[in-house]
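Asker: need a structure here:
(2 chains)
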Protein chains: 2
Amino acid sequence: MGRLIEITDPGDVRIAEFTSIRERDLTGRHGQFVAEGTVVLSMLAKAHADGGSVRAEKLLLLKNRVAGLSDLIEQFAADIPVYVAEAAVLDAIAGFHLHRGVLALGSRAAPPELNDLVSRLPNNSLVLVGCGISNHDNIGALFRNAAGFTADAVFLDQTCCDPLYRKALRVSVGSVLMVPYARQGSAEEVLGALAAAEFEIWALSPGGVVEIGSIAPGRRVALVMGTEGEGLPAAILDRFRSARIAQAPGLDSLNVGTASGIALYAIARAMGRLG
Amino acid sequence: MGRLIEITDPGDVRIAEFTSIRERDLTGRHGQFVAEGTVVLSMLAKAHADGGSVRAEKLLLLKNRVAGLSDLIEQFAADIPVYVAEAAVLDAIAGFHLHRGVLALGSRAAPPELNDLVSRLPNNSLVLVGCGISNHDNIGALFRNAAGFTADAVFLDQTCCDPLYRKALRVSVGSVLMVPYARQGSAEEVLGALAAAEFEIWALSPGGVVEIGSIAPGRRVALVMGTEGEGLPAAILDRFRSARIAQAPGLDSLNVGTASGIALYAIARAMGRLG
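Answerer: A predicted model of the protein is given here:
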């Protein structure tokens, strides 16, 4: 494996993008992102090979894992550098203990404009909309479930966090790199654009009118998720249809990830999309 | 509020159980546990007042939050000490920054024996079984979903982690204190005990035979969840009925929490338990 380039100095400029990656989660990164773990790296390699907006730039691997990762490394084009480092060096770079030691730097072009993405959706379409979701785990879970239940796209309003944040990408198990998404506009603007494109808009809320398993969906459906604490604004619940997930009375509502999974499953199944 | 006792020394023995609580997650604690946040503390107060096996022992609060927490404090019996500390002292006690600053120490008697809990279940019963679930977030999610979808009990095999771990309790939003559970025996022993009590046993697996939304459940149902990576052992899948959640082909399976939520929702709904 002549491609391997050993890094012995944690300050080496060639791997500068990986320094203190936990803190960088807070900064945004001009389209660059850090991917972790063999599953996500494999999806990054695939997205890169597909020639779309996602590019792989470099790999950084724990030296003693390289022998077991040759199949993964081969998935990346030969001009992508593969840096390797001993555990102590890798931990000094990252700023904390990386027990897996499988990292990549990727980049992607800015996501599409809201209206561009809407215009590209197929006639029969299921999309997931996130409003005000600022928790990285929850954003990641939305993408994982969107991919799992055949959603054609994810729409995030401008108050949602960036799904390319390290932890969101990890929790999504790489789905952020696969599912088309836009992240632009207020919740009203996003839903307005979808309503104009003849989407049935179902806002999920503990006080929703229709039980999710009873919906007979049309050919284009948008499922809207708000935050766990506040939920969706009343203006949205009043203007569009609302759905609830039947559950035991008197409890805190479900986790956003779980709720999105149940609702997407129920709707995708009712739309005949799950085989 | 004459009950408040100010702590100024992070080494004060009266709050010793809260020192370095992140590391303590790894140790087990002889039936003691740390609860965090207003929702979980409120459930702890309720469990204590119910006079069952769960007891509240002491509270430790961020001093500048106390004024807003008087309703919560009043839920705890007057003989339960309420310690307060400034942020710097509280962080020094905990060993990291506690931005919420709402903690309690609780304790509970050992959970019931496997067979005792089985014998106490009602005639119409839905239970959740976890096998090999060692991730604290996933254990917490199982309990949150069990509570949300009316499960009568949770059964954990002996390889599952303790649901009283700080993070599991937090992710469960206190449900661990409310849903009866046992944590004893091998997966085979747990399922054997349930099968002997006439439970239909459905093991959830990506390769399961019956789609979860197509099950016509009987009066007693046990839903069995394995780990995200390995899934359930073949011996379990072969011996009992197996169910799958329909989803897009070729992807990594769902998160354990989400999968348990979807499956519990589908079964509880089919059993007519969700109103």
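Asker: and A:Trp202, which of the three is it?
Answerer: strand (DSSP: H, G, I helix; E, B strand; the rest coil).
Asker: what is the burial count for it?
Answerer: For A:Trp202, the count of nearby residues is 23 (other Cβ atoms under 10 Å in any protein chain shown). Quick note: C-beta positions are derived from backbone N, CA and C, even for glycine.
Asker: right, and it touches A:Ile215 too?
Answerer: Yes. With contact defined as Cβ atoms under 8 Å, A:Trp202 and A:Ile215 form a contacting pair (6.8 Å).
Asker: what is in contact with those two at once?
Answerer: Common neighbours of A:Trp202 and A:Ile215, using Cβ atoms under 8 Å, 6 or more residues apart in numbering or on different chains, are A:243, A:267.
Asker: now the angle between strand A:200-204 and whichever helix in chain A runs longest, please.
Answerer: In chain A, taking DSSP state H as the definition, the longest helix is helix A:256-270. Here the directions of helix A:256-270 and strand A:200-204 differ by 140 degrees (axes from the mean of the first three to the mean of the last three Cα atoms, to 10 degrees).
Asker: run the chain-centre distance for helix A:256-270.
Answerer: Taking Cα atoms, centre = their mean, to the nearest Å, one finds helix A:256-270 lying 16 Å from the centre of the chain it belongs to.
Asker: can you list the residues of the stretch 51-200 of chain A near chain B?
Answerer: The stretch 51-200 of chain A comes close to chain B at residues A:141, A:144-145, A:147-150, A:173, A:175, as judged by Cβ under 8 Å from any Cβ of the partner chain.
Asker: out of those residues, which are buried?
Answerer: Listed as buried from those are A:141, A:144-145, A:147-150, A:173, A:175; burial here means 16 or more other Cβ atoms under 10 Å in any protein chain shown.
Asker: list the helices and strands the longest helix of chain A packs on?
Answerer: The contact analysis (3 or more Cβ pairs under 8 Å, 6 or more residues apart in numbering or on different chains; DSSP states H and E) places helix A:256-270 against strand A:125-130, helix A:136-148, strand A:200-204, strand A:220-225, helix B:136-148, helix B:256-270.
Asker: what kind of secondary structure is the residue nearest to A:Thr8 when sequence neighbours are not counted in?
Answerer: Distances taken as Cβ to Cβ, 6 or more residues apart in numbering or on different chains place A:Val89 nearest to A:Thr8, at 6.2 Å, with adjacent residues excluded. Secondary structure state of A:Val89, per three-state DSSP, is helix.
Asker: any idea how far stretch A:178-185 is from the middle of the chain?
Answerer: From the chain centre to the centre of stretch A:178-185 is a distance of 9 Å (Cα atoms, centre = their mean).
Asker: list of residues touching that stretch?
Answerer: Stretch A:178-185 has contacts (Cβ under 8 Å, 6+ apart) with A:43, A:47, A:111-114, A:116-117, A:120, A:143, A:146-147, A:151-158, A:160, A:162-163, A:190, A:193.
Asker: span of it from start to end?
Answerer: By Cα to Cα, to the nearest Å, the extent of stretch A:178-185 from end to end equals 22 Å.
Asker: nothing else from me, thank you.
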